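# Below is the sequence, then the predicted model.
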Amino acid sequence: MADFLSVSGWLLVFLQGLLFLVGAPLMVGWIRLIKSRLQNRRGPGITQPLRDLYKLFGKEVLVAHSASIVFRTAPYIVLASTLVAVSIVPLLSANLPSAMAADMIVLVGFLALGRFFLALAGMDVGSSFGGMGSSREMLVSALAEPAMLMAVFTLAMSAHSTNLSSVVEFNLGSGLILRPSFLFALLGLVLVAIAETGRIPIDNPATHLELTMIHEAMILEYSGRHLAMMEWAAQLKLMLYGVLIANLFFPWGIATELSVMSLATGLLAVVGKLLVLGILVAVAETVLAKMRLFKVPQYLNLAFLLTLLGLFSHVILESGT
Amino acid sequence: MNNPLTLALTAVLLALASALVSLLAQRYPVLIKWLVMPLLGASGLVAAMAGIDGLLSGQVISSQLPFGLPWLAWRVRVDVLASFFLLLIGMVSVAVAWYAPGYVREFENGRSPFTVLGGFSGLFLAGMQWVVIADDAFSFMVAWELMSLSSYFLVTFQHENSANRRAGFLYLMMAEIGALAILLGYGVLAGNGHGFAFDAMRQAHVTGLWASVAFALAFLGFGMKAGLVPVHAWLPEAHPVAPSHVSALMSGVMLKVAVYGFIRFSFDLLGEIQWGWGVAVLLIGSISALMGVLYALMQHDLKRLLAYHSVENIGIIFIGLGLAMVFAGTGHPLLAALGLVAALYHTINHALFKSLLFLGAGAVLHSSHQRDMEQMGGLLHKMPWTGLFFLIGCISIAALPPFNGFVSEWLTFQAALQAWALENGVLRSLIPITAAMLALTGALAAACFVKVYGVSFLGQARSKQVRKAREVDWGMRMGQGLLAAFCLLLGIFPTSMIGLINSIPQQLLGTGLKQATEHGWLWLTPLGASVASYSAPLILLGLLFAWGLAAWVMRRGSVREIRRSDAWDCGFSPLNSRMQYTASSFAQPIRRVFGLLFHIEEGIKREQSGQLRHELHVGDRLWGWLYAPVARIVLNGGRLAGRLQSGHVRNYLGWTLATLVVVLWLIS
C-alpha cells in the first residue's frame, strides 16, 4: 500500500479523468462521423457532441411539477459514479493508485449505482415513458451484469487478482498467447458492452420514437445542465467499455512506467485502439437493425453463455498456469 | 460482574421483565410507551454491550444455572460466535424499541389486547437471546420453542383477518416440523456424545453416515426456520401479517438466529466438515437467492415483497457458508475463513437493512394504511425522512457501493474467485456457476428496488389515503435513522468490523483472516493486497469529490434558476396518476423472461357492468409441486385414521390396550 501515496500517480489519475471527460464526446463524434460516411451523408464534425454539451450547459433547466429531489440529484450521482468508475480503468498507464482502492467488482458496482439512480430518475416524474425506460433498462442490465461479471472473473482467475492494474500487467507479461478463455470472455464482453451502452441492436441512441427507447426514455424529462450531465455520463460509459476491451485484452502499448515518452506512447496506442473500435461500432450499427425487446434476453443469454464457456475453459484447460 | 455472560443474562432478564410489565398494559396503556418498550430497548442495549465485550475480549465464559432437570442443569456459554449474534440482536432491537411506541399507538383502541403485543414481544426477544447463549441441547430447544411460539402469537396478533390466522397456522406447523428435525439432529449427536451438553457433543466426533444424517436433519430444521427454498413457504405468509416492528424483528433477527443455529451445529458441534455438505448448502443457497428475488419482483404487497427478499438474502448467506464448508472440507482453512466472514458480514448487514426496510414499510402502512404498492406513489413528498432512510435501505440491499450490502457481496465473490485453488474439477466449475447466480441475483435485486422505490416513493400518489399521508413521529424516524446510520458505517468501515469478527473463524476453523486488516482501517485486503483490495472510505471520498466538482462546474456559466413546468404529455391532456407505470407493469418484462418459474394466471374478465378487467395472479410453483401433494397425503391419512373414531369409549380403551401390548412386546 506504500505506492498508493505517490503524488505523480494521483496526478495521472486526475489527468486520465480529464482525458476521459474530453475523449468520450469525441469518441461518440467519431462513431457518428463514420456512420454518416457509411450512409453517404456528410455528417457533423467530430466535435459536435462536445459543442452540444457546451450548449446544454448554458440552457435553462426545466423540471416537472411532480419531480422530487431524486430527479434533481440523480444527474450528479450518475455523473459522479461514472467518473469514479473511469478513474480506476487503466487508460494510459497500467499502474494506477486508484485501482488499489477499487477493483473490477467495485467497477461493476459503481456502474450499477449510476444505473440505479438513472432508473429512479426515470420513474420520478410519473410519466409512462420514464417507467418504460427504467423497466427495460433494469431488465437489460439484470441480464447483462452476470455476463459482465463472468468475463471479469475469467480475467481475475487467470491473473489471480481482481485488481485492474494487475490484470493488465499480467496480460502484458504473458505475451501473445491465444487463450481460449480470453477469446470467449472478449466476445461476451463485446456483446455486454453493446447492450450496456445502449447501442444498436439493443437500443438506438438516435431514436426519439417513444415506444422503442430505453435510455432516451429515462432521460426524456431532462433539460439544460441536467441533460448535459446525463449525456456526458452515457458517453463516458461508452468510452469506459471501449477502454476496458482495448486495454484488458490488447494491452500492448500501455505505459508501465511514469515517463513522458511512455505515457505519450500509451496515449497514441489507446487512441488508435479506440478509433478502430469506433469504426467497428459504426459498421455494426449500419448493417444491423434494432432488435425487438423480447429478443434481447436471447442475445444476452448468448453473451452469458460465451463468458461462462470462457470461465469453464479457463477452469478446465488453463488452471494451474 | 462486567463479563459478557452476566450482561447477556441481564439482557434476557430485562426482556422478560418487559414481558411481565406488559401484563399491566391493558389497564395502563401508557406503560407501553414508558416502560415496556424502554425495557425492551434496554435489553437490546445490554445484549449489544455483551456482544461487543465478548468479541473484544475473545474469551469463552460458561456457567450453569441452578434450574432445569435434576440431572441436567441448564448451561449457558458466551463465546465469540454467540457474542456476534448478541450484538446483532441488540442493534436491531434497540432500533425497534425506539420505533415501536409510535407504531403501536393505533392498536390502542383495537380489539386485540396490548398485553399480547408487549408480552410476546418481550418473550420473543428473550427467547432469541437465550438461544444464542444456550450451551446444551435441552435449554437450546426450550429457548427455540419460546422464540417460535411467542412469534406465532405475534403473527396472529390481528387475528380478525382469516388470512392472518391461516398464515399463523402454516408458520406454526412448519416451525414445529423444523424444531422436530433439529431435535432429532441433536439426538444423533447426544447419542454419540452421551450427553445433552454441547461440550460432550464437541468431544464425541461423529463420523460416517451418522454425521451426514445429523447434518441433513440440522440443515432441514434450521433451513426451515431460515426460510431456504423449498421450505420457505411460511415466510412470505407470516412475516407480512405481523405488526411491522415485529416483522423487522422476525426478518432481521429471528432468521439470523436460525443461521446461528446452523453455524453452531455444523461448524462447532459436528466435528469434521465434509465438502459434500458444502455442495448441498451451496446449491440450496443459490437456488434460494435466485428464486427469492424473482418471486419478490412479482409482488406488489410491499411487506410481502420484503419477506421474499429475506429468502434471497438468506440464500446469499448460505452461499457464503457453503463456500466455507467446501473449502474447509478440502483442506483450505484460510479460504474457508473468508467464506465464513463473508457469510457473517452479510448476516449482520441483512439484519440491519431488512429491519430498516420493514420499519420503513411500517411507517408507510402507519400513515397511509396501505400495503399495496399499486396504491402508493409520491410518498417522498409527504414523508421525506422515511423516504431518505428507505432509499438508504434500498441501496444497501441492492448491493451498491459504498453501502454495507456491497461489502459482503464483494467478500462472497472474492471467496468464490478462489475456486482455482481446489483440486476437484467439478467443484472448480460448480463454484463459478453459483457466483453467476449470485451476480444475477444482485442485478435483479437492484431492479426490484428500483421498482419498490420508484413506484411507492416517486411519481404521483395513486390513492386518496396516500395523498393524505403524513410523516411519522420522531421516535419512528429515530429507529429508522439509527439503522440507516449503521448501514452506512458498516459500508464505509468494513475493515474495523472484520477485525472485530475475525476471532470467529479463528475459533471455528483454526485460522482467522489476519491479512485482511493488516493495512489499517483504510484498506480491506481479504487475502493480501496483491489479490484484491477495497477501500470504501477512499471510494466515498472520490464520489463526493466528483459530485462537488460537477456541482461547482455546473454553477458557473449556466442559468441557475430552475423553472417548474408540466411534464411532457405528447401534446395531449396532462398526465394523471393512473398513467404511471405500475409495479406489475415494471416487472412485466422480467415476468415474461422467467415465465417458466412462476405459476401465472392471467386473463381478461368482463364484469357485470360491462367493463373489462385484467387479472393477474403470480403464484409459487412449489405450492403445486411440493406442498399440495404433502397436504393431500396428510389429509387422506387423517381421513383413514378418522375411521377409528367410532364414538364408543370401549373401542378407544381397546385401541389403547392394543397399543400398550405392542409397545411392551417391542421393547422386551
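Looks like it arrived, so ask away.
# Report the helix or strand with the lowest average pLDDT across chain A.
helix A:98-101 (a mean of 86; mean pLDDT, DSSP states H and E).
# buried stuff in that one?
If you call a residue buried by 16 or more other Cβ atoms under 10 Å in any protein chain shown, then helix A:98-101 has these buried ones: A:98-101. All C-beta atoms are positioned from the backbone trio N, CA, C, and that covers glycine.
# could you dump the following helix or strand past it to PDB, C-alpha only?
Past helix A:98-101, further along toward the C-terminus, the next helix or strand under DSSP states H and E is helix A:104-124. Coordinates of each C-alpha in helix A:104-124 appear next as PDB, following Å, rounded to 0.1, in the frame of the first residue of the first chain:
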ATOM      1  CA  MET A 104     -13.200  -4.800 -11.100                       C
ATOM      2  CA  ILE A 105     -16.100  -5.900  -8.900                       C
ATOM      3  CA  VAL A 106     -16.300  -2.300  -7.500                       C
ATOM      4  CA  LEU A 107     -16.200  -1.000 -11.000                       C
ATOM      5  CA  VAL A 108     -19.300  -3.100 -11.900                       C
ATOM      6  CA  GLY A 109     -20.800  -1.900  -8.600                       C
ATOM      7  CA  PHE A 110     -20.300   1.800  -9.500                       C
ATOM      8  CA  LEU A 111     -21.800   1.300 -12.900                       C
ATOM      9  CA  ALA A 112     -24.800  -0.300 -11.100                       C
ATOM     10  CA  LEU A 113     -25.000   2.600  -8.700                       C
ATOM     11  CA  GLY A 114     -25.300   5.100 -11.600                       C
ATOM     12  CA  ARG A 115     -27.800   2.900 -13.300                       C
ATOM     13  CA  PHE A 116     -29.900   2.600 -10.200                       C
ATOM     14  CA  PHE A 117     -30.300   6.400  -9.900                       C
ATOM     15  CA  LEU A 118     -30.800   6.800 -13.600                       C
ATOM     16  CA  ALA A 119     -33.700   4.300 -13.400                       C
ATOM     17  CA  LEU A 120     -35.100   6.000 -10.300                       C
ATOM     18  CA  ALA A 121     -34.900   9.400 -12.100                       C
ATOM     19  CA  GLY A 122     -36.900   7.800 -14.900                       C
ATOM     20  CA  MET A 123     -39.600   6.800 -12.500                       C
ATOM     21  CA  ASP A 124     -39.700  10.100 -10.700                       C
END
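# Give me the packing partners of helix A:104-124, helices and strands only.
In terms of contact count using 3 or more Cβ pairs under 8 Å, 6 or more residues apart in numbering or on different chains; DSSP states H and E, helix A:104-124 is assigned the packing partners helix A:69-87, helix A:128-159, helix A:164-174, helix A:215-218, helix A:224-249, helix B:404-417, helix B:425-456.
# so where's the chain uncertain?
Using chain A here. Scanning chain A with the threshold set as pLDDT under 70 gives A:1-4, A:208, A:210, A:319-321.
# To clarify, I was referring to chain B.
B:1-2, B:109-112, B:557-558.
# longest helix in it, by residue count?
Across chain B, the helix with the greatest residue count (assigned by DSSP state H) is helix B:333-368.
# the inter-axis angle of that helix versus helix B:425-456?
Note on geometry: by axes from the mean of the first three to the mean of the last three Cα atoms, to 10 degrees, helix B:333-368 and helix B:425-456 are set 20 degrees apart in direction.
# now the angle from helix B:333-368 to helix B:404-417?
In this structure, helix B:333-368 runs at an angle of 150 degrees to helix B:404-417, with the same axes, to 10 degrees as the basis.
# for the helices and strands packed on helix A:104-124, which one sits closest to residue B:534?
When these are compared for distance to residue B:534 using Cβ to Cβ, the nearest one is helix B:404-417, at 6.2 Å.
# Kindly indicate whether whichever residue of chain B sits closest to chain A is helix, strand or coil.
The nearest approach of chain B to chain A comes at residue B:581, 2.4 Å away (Cβ to the nearest Cβ). Using DSSP: H, G, I helix; E, B strand; the rest coil, the structure places residue B:581 in coil.
# Could you check how many residues crowd around the closest residue to it other than its chain neighbours?
Computed as Cβ to Cβ, 6 or more residues apart in numbering or on different chains, the closest residue to residue B:581 that is not its neighbour in sequence is residue A:131, at 2.4 Å. A count of neighbours around residue A:131, defined by other Cβ atoms under 10 Å in any protein chain shown, yields 28.
# my read: residue A:131 touches residue B:584, true?
No - Residue A:131 is beyond contact range of residue B:584, at 11.3 Å (criterion: Cβ atoms under 8 Å).
# how about whichever helix or strand residue B:656 is part of: buried residues?
Secondary structure here is read from DSSP H and E; on that basis residue B:656 sits in helix B:649-667. By neighbour count with 16+ other Cβ under 10 Å, helix B:649-667 contains no buried residues.
# which helices and strands does it pack with?
Secondary-structure packing of helix B:649-667 (3+ Cβ pairs under 8 Å, 6+ apart): no helix or strand packs against it.
# hmm, who's touching it?
Residues lying outside helix B:649-667 but in contact with it, judged by Cβ atoms under 8 Å, 6 or more residues apart in numbering or on different chains, are residue B:644.
# what's the nearest residue to residue A:93 if we skip its chain neighbours?
residue A:255 (4.2 Å).
# what's the neighbour count on that neighbour?
A total of 23 residues lie near residue A:255 under the criterion other Cβ under 10 Å.
# do you know how far it is from chain B?
Taking Cβ to the nearest Cβ, to the nearest Å as the criterion, residue A:255 is separated from chain B by 21 Å.
# and that residue, what are its phi and psi?
Residue A:255 has phi and psi values of phi -70, psi 140 when expressed as degrees, to the nearest 10.
# Enumerate every residue touching it.
If you count contacts by Cβ under 8 Å, 6+ apart, residue A:255 has them with A:92-94, A:262-263, A:265-266.
# Return the member of the residues you listed nearest to chain B.
The shortest separation between chain B and any of the contacts of residue A:255 is 14.7 Å, and it belongs to residue A:94 (by Cβ to the nearest Cβ).
# Pretty sure the closest one sits against residue A:257.
No - contact status for residue A:94 versus residue A:257: not in contact, 9.2 Å apart, counting by Cβ under 8 Å.
# Show me what from the stretch 301-450 of chain B comes close to chain A.
On the criterion Cβ under 8 Å from any Cβ of the partner chain, chain A has as its neighbours in the stretch 301-450 of chain B the residues B:377-378, B:380-381, B:384, B:391, B:395, B:398-401, B:406, B:410, B:413-414, B:417, B:419-420, B:425, B:428-429, B:432-433, B:435-437, B:439-440, B:442-444, B:446-447, B:449-450.
# Just the buried subset of those, please.
Among these, the ones that count as buried by 16+ other Cβ under 10 Å are B:377-378, B:380-381, B:391, B:395, B:398-401, B:406, B:410, B:413-414, B:417, B:419-420, B:428-429, B:432-433, B:435-437, B:439-440, B:442-444, B:446-447, B:449-450.
# Show the contacting residues for residue B:539.
Remark: with contacts taken as Cβ under 8 Å, 6+ apart, residue B:539 is in contact with A:84, A:101-102, A:106, B:401-402.
# can we see that at 6 Å?
A:101-102, B:402 (Cβ atoms under 6 Å, 6 or more residues apart in numbering or on different chains).
# returning to what we had before: now do the helix holding residue B:656: distance to the chain's middle.
Here helix B:649-667 is found 46 Å from its chain centre; the criterion is Cα atoms, centre = their mean, to the nearest Å.
# Ok, stretch B:118-131 next?
Relative to its parent chain, stretch B:118-131 has a centroid offset of 16 Å by Cα atoms, centre = their mean.
# Please save the CA atoms from it in CSV.
Output of stretch B:118-131 as CSV, limited to C-alpha atoms (Å, rounded to 0.1, in the frame of the first residue of the first chain):
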residue,chain,number,x,y,z
GLY,B,118,-45.9,-6.3,24.6
GLY,B,119,-45.8,-9.6,26.4
PHE,B,120,-45.0,-11.8,23.5
SER,B,121,-42.5,-9.2,22.1
GLY,B,122,-40.6,-9.5,25.3
LEU,B,123,-40.7,-13.3,25.4
PHE,B,124,-39.7,-13.4,21.7
LEU,B,125,-36.6,-11.3,22.3
ALA,B,126,-35.7,-13.2,25.5
GLY,B,127,-36.1,-16.5,23.6
MET,B,128,-33.8,-15.3,20.8
GLN,B,129,-31.1,-14.1,23.2
TRP,B,130,-31.3,-17.3,25.1
VAL,B,131,-31.0,-19.5,22.0
